[in-house]
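Peer 1: sequence first, predicted coordinates after that:
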Amino acid sequence: MRNEVVIIPPFSLPLLIRKSKGRGRQTFFRTIALKYLTCTLLLFNFFSAVFLQAQSLNFRRDISPFPVYDQNSNLYHYSFLGGFNKPVIQFLDINADGSPDLFLLDQDRPGQLIFFQNSGTVTAPEFHWITDRYQNLSTGAWFKFVDADQDNDFDLYTENPFGNIRYYQNNGTPVEPLLVNRLDSLRDVLNQPIETDDFSIPEWADIDCDNDPDLFLGRLNGRVTLYETVGLNAQNLPQFSFVTDTFQGINIQTGGGELNHEVILNPHGANSLTLVDIDSDLDNDLFWGDFFASSIVHLENYGSCPNPFFLQDSLQEQYPPNQPLFSGGYNVPHFYDIDADGDLDLFVGILGGSLSFTSNIVENFYYYRNTGTASQANFYQETRRFLDAIDVGQNSIPALVDIDQDGDSDLFLANQEDLSSPDASNSRLYFFENQGNPGRPEFRLQVTDYLNYDKRFDVNYAPAFVDIDNDQDFDLIIGKFDGRLSFWQNNGTASIADFVLISENYSGIDIGNNSLPAFTDIDADQDQDLFIGEFNGNINFYRNVGTAVSPNFILDTTHYFGINLGQGELPIPHFHDIDRDNDQDLFIGSATQGVLFYRNAGSAQSADFILDSSFEPEIQLRSSPVLADLDGDGDSDMICGSVGGGTLFYENLEFVSIDPGNSVQVKYPFEISLFPNYPNPFNPNTTISYQMNQPGSVSLRIFDTMGREVRTLYKGQQSAGSYRISWDGRNNAGDSVSSGIYLCQLKSGQTIKSQKLMLIR
């Protein structure tokens, strides 16, 4: 992240036009004043461009920057979360404030432990996204928080690919956790590695009532392995002793299915285990999600806590019994009393099994509310998307274009293949119309099949809107999996588009695999040139040797500027003049390297792209960037597609000078605007300014870098207007906090703004 930059006009000229009886004298002064003003503005723009070109880009991610609605006019609460395909979830009170927080890991992007803090209450939780990389921990395909060392705070077990178990010990406190990597390979008392089977998720539970969590491993053969916890060693690490590979004789052979076109009878496979007392009889019952099972397997414990007894014949293959879950398979159940009514509710993350790897990549976080009692559960399905966000499946690619010529950017979103298409065999284009205005965007999903065109195996759409025939409306070029381009001509008008398929092999171009097109006039000859990223990591450049009305694309090079991101990186080019110096800069999305920024150090006629490594937004898999000024503040924001099928929003933070002693961020307010605190760094006091654009409830709170609340500065109702609140560097208890970086969060309705503060003692 770059430092804040103060841009000050090079000079100012006070213009004194004295009253005069002579009309010519008055005109003379006005002419001189106008000329000086014009020169001042020109110089200001020039120096601003120079400063902008010299500075690093500064983008901040925002989950809910402005309203986005689905087709039923329901507001997405986590609009730009990015989507997720295979969620592993866990609720727990990580900061000991009495209310549950949420952790989520998407197995399609392992290693990113997403943290949502509860900003609501125990009975009415409100989960606020904090980070995709909790404490920058390295996690594999699963995680489990457990008090492993019995010190009343949560430690963490995660997968350490492949098959090993990594252990993070909490060396902080229940209120301020600090997870430290203590083991990369969990071992038993005989120093033998404890290994999980492929993709199986283990469980820790006190099965024998000795007040420590034992370890259970589901095996690919349908059996359960038990390791008993036998205390801590001299290094304060939990110790495990092997007990059995056939715990209670359990043998999960269920589901039915097909693998590699061969019918499997009584199959078993990758699995997840959950042990919980679902009937309040003081012993743990068993729940098993299997790769080959469309529902959840349940085994009741008929014994007691010291002496468990599971009866194989009582195995229940469909759960919950009153409203069974059916999915594509590999369901991961998690129980938590989310509404604090004294009984356990049920949450299920669906990873996708033998019945379908993709059928649940959108609806995959089920919530069943327990309408029964603690001893007699009765589950009612509330939602299949506990975290509602834009999500079109997987590997989304966005496009921003003012398709209706109303002065604001509309959003189009393509996917790899669409679940609603015939046999989920082709891509579709989703259309989110911007029904707001250039300063206050408001998107609404209008159509989920914009082109009304389904062709089997026509997958991996990559849309590029361009006026290819210079008739003042946008046409559409779509890259596809087969390496070709489809040409959809706009036979409508600039404000009412009507796309007609003209060719599925535009200009005879075929790069072989996954064409990812972008257009720009790279040589300033008044026509559009073509760039295509391809699977092998290169970018192909096709120069337009025709005209703006009748293009003729000739391959110039398959290695534009020598850029090669590597095999399988799927470079997605996007051109945008981010520094406003009248030449096109280059942003490139990738499969694993995030978004790369190449600054154009040449000119509009002769580009010279240089990698700017200072631009480092949080890496997402299958990033696909587009830029536009979405909030009408004069700078360009960024939207990215991702492997999760959703979108991510990054606000461009540019600073201009309002007060030479204080850099103030100029932004057009939506519901609220949060301005930089002053002074910053500070000791001991700093002032935080914000603006309410409309009356409503508002909270202003301070958090530390772990996401723990430090101080509530204000919470209540406020009318529209500007406000200033001072923070004296103390927490809610009145104690002075230590030096460091803190996060100031302003929230009103569904809008949340945040910024960093630095306290130096």
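Peer 2: Nice, I can see it. Numbers count the residues shown, from 1 in each chain.
Peer 1: helices along the protein, start to end?
Peer 2: Secondary structure of the chain by DSSP state H: the helices cover 23-54.
Peer 1: remind me which residues of the stretch 51-200 of the chain are low pLDDT?
Peer 2: 51-55 (pLDDT under 70).
Peer 1: hmm, try it at 80
Peer 2: 51-56 (pLDDT under 80).
Peer 1: and what of the stretch 551-700 of the chain?
Peer 2: 654-673, 676, 693-696.
Peer 1: can you show me the strands along it?
Peer 2: Along the stretch 551-700 of the chain, the segments classed as strands by DSSP state E, counting those that start in this stretch run 553-557, 572-576, 585-589, 596-600, 609-611, 624-628, 637-641, 647-652, 655-659, 662-665, 672-674, 686-692, 696-704.
Peer 1: between the ones you listed, which one is closest to Ser64.
Peer 2: With respect to Ser64, and counting by C-beta to C-beta, the nearest of these is strand 647-652 at 8.7 Å. No exception for glycine: its C-beta is placed from N, CA and C like everyone else's.
Peer 1: just the CA coordinates of that closest one, formatted as PDB?
Peer 2: Taking Å, rounded to 0.1, in the frame of the first residue of the first chain, the C-alpha atoms of strand 647-652 are listed here in PDB:
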ATOM      1  CA  THR A 647     -17.000 -10.800  -7.700                       C
ATOM      2  CA  LEU A 648     -14.700  -8.700  -5.600                       C
ATOM      3  CA  PHE A 649     -14.700  -4.900  -5.400                       C
ATOM      4  CA  TYR A 650     -11.600  -2.800  -4.800                       C
ATOM      5  CA  GLU A 651     -12.100   0.900  -4.200                       C
ATOM      6  CA  ASN A 652      -9.500   3.300  -5.600                       C
END
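Peer 1: list the contacts of that strand.
Peer 2: 57-63, 65, 79-83, 390, 396, 398, 411, 413, 617, 620, 631, 635-642 (C-beta atoms under 8 Å, 6 or more residues apart in numbering).
Peer 1: for stretch 273-287, buried residues please.
Peer 2: Across stretch 273-287, burial judged by 16 or more other C-beta atoms under 10 Å covers Leu273, Thr274, Leu275, Val276, Asp277, Ile278, Asp279, Asp283, Asn284, Asp285, Leu286, Phe287.
Peer 1: looking at those residues, which are in strands?
Peer 2: Using DSSP state E, the subset of the buried residues of stretch 273-287 located in strands is Leu273, Thr274, Leu275, Val276, Asp285, Leu286, Phe287.
Peer 1: which of these sit farthest apart?
Peer 2: Leu273 and Asp285, at 11.4 Å, using C-beta to C-beta across these.
Peer 1: about what we covered before: out of the ones in strands among the buried residues of stretch 273-287, who's nearest Gly562?
Peer 2: Nearest to Gly562 among those, with distances taken as C-beta to C-beta, is Leu273, at 50.8 Å.
Peer 1: please name the residues that touch the closest one.
Peer 2: Ile201, Pro202, Glu203, Phe216, Leu217, Gly218, Val224, Leu286, Phe287, Trp288.
Peer 1: ok, of these, which come out buried?
Peer 2: Ile201, Pro202, Glu203, Phe216, Leu217, Gly218, Val224, Leu286, Phe287, Trp288.
Peer 1: biggest separation within the residues you listed, which pair?
Peer 2: Leu217 and Phe287 (15.1 Å).
Peer 1: partner residues bridging the nearest residue to Leu674 once chain neighbours are set aside?
Peer 2: Among residues not flanking Leu674 along the chain, Lys753 sits closest, at 3.9 Å (C-beta to C-beta, 6 or more residues apart in numbering). Beta-bridge pairing for Lys753 (DSSP bridges): Leu746.
Peer 1: equivalent analysis for Arg484, please.
Peer 2: With DSSP bridges as the rule, Arg484 is bridged to Asp510.
Peer 1: now do it against Gly508, distance only.
Peer 2: As judged by C-beta to C-beta, to the nearest Å, Arg484 and Gly508 stand 9 Å apart.
Peer 1: so which of the two has more stuff around it?
Peer 2: Each of Arg484 and Gly508 has its neighbours counted (other C-beta atoms under 10 Å); Arg484 has more, 19 against 9.
Peer 1: wait, the more buried one sits on Asn513?
Peer 2: No - using C-beta atoms under 8 Å, Arg484 is not in contact with Asn513; the gap is 10.2 Å.
Peer 1: count the neighbours of Asn118 for me.
Peer 2: 21.
Peer 1: and it, what does it touch?
Peer 2: Asp97, Ser99, Pro100, Asp101, Leu102, Pro125, Glu126, Phe127, His128 are the contacts of Asn118 under C-beta under 8 Å, 6+ apart.
Peer 1: which ones are touching the third one?
Peer 2: This points to Pro100. Applying C-beta under 8 Å, 6+ apart, the residues contacting Pro100 are Phe91, Leu92, Asp93, Asn118, Val122, Pro125, Tyr336, Ile338.
Peer 1: max pairwise distance over these: which two?
Peer 2: Leu92 and Val122 (13.2 Å).
Peer 1: correct me, but Tyr168 touches Leu179?
Peer 2: Yes - judged on C-beta under 8 Å, Tyr168 makes contact with Leu179 at a distance of 4.1 Å.
Peer 1: what sits in contact with each of those two?
Peer 2: Leu137, Asp155, Leu156.
Peer 1: which one among the residues you listed gets closest to Trp488?
Peer 2: Using C-beta to C-beta as the measure, the one of the shared contacts of Tyr168 and Leu179 that approaches Trp488 most closely is Leu137, at 44.9 Å.
Peer 1: name the nearest residue to that closest one, ignoring sequence neighbours.
Peer 2: Leu113 (5.6 Å).
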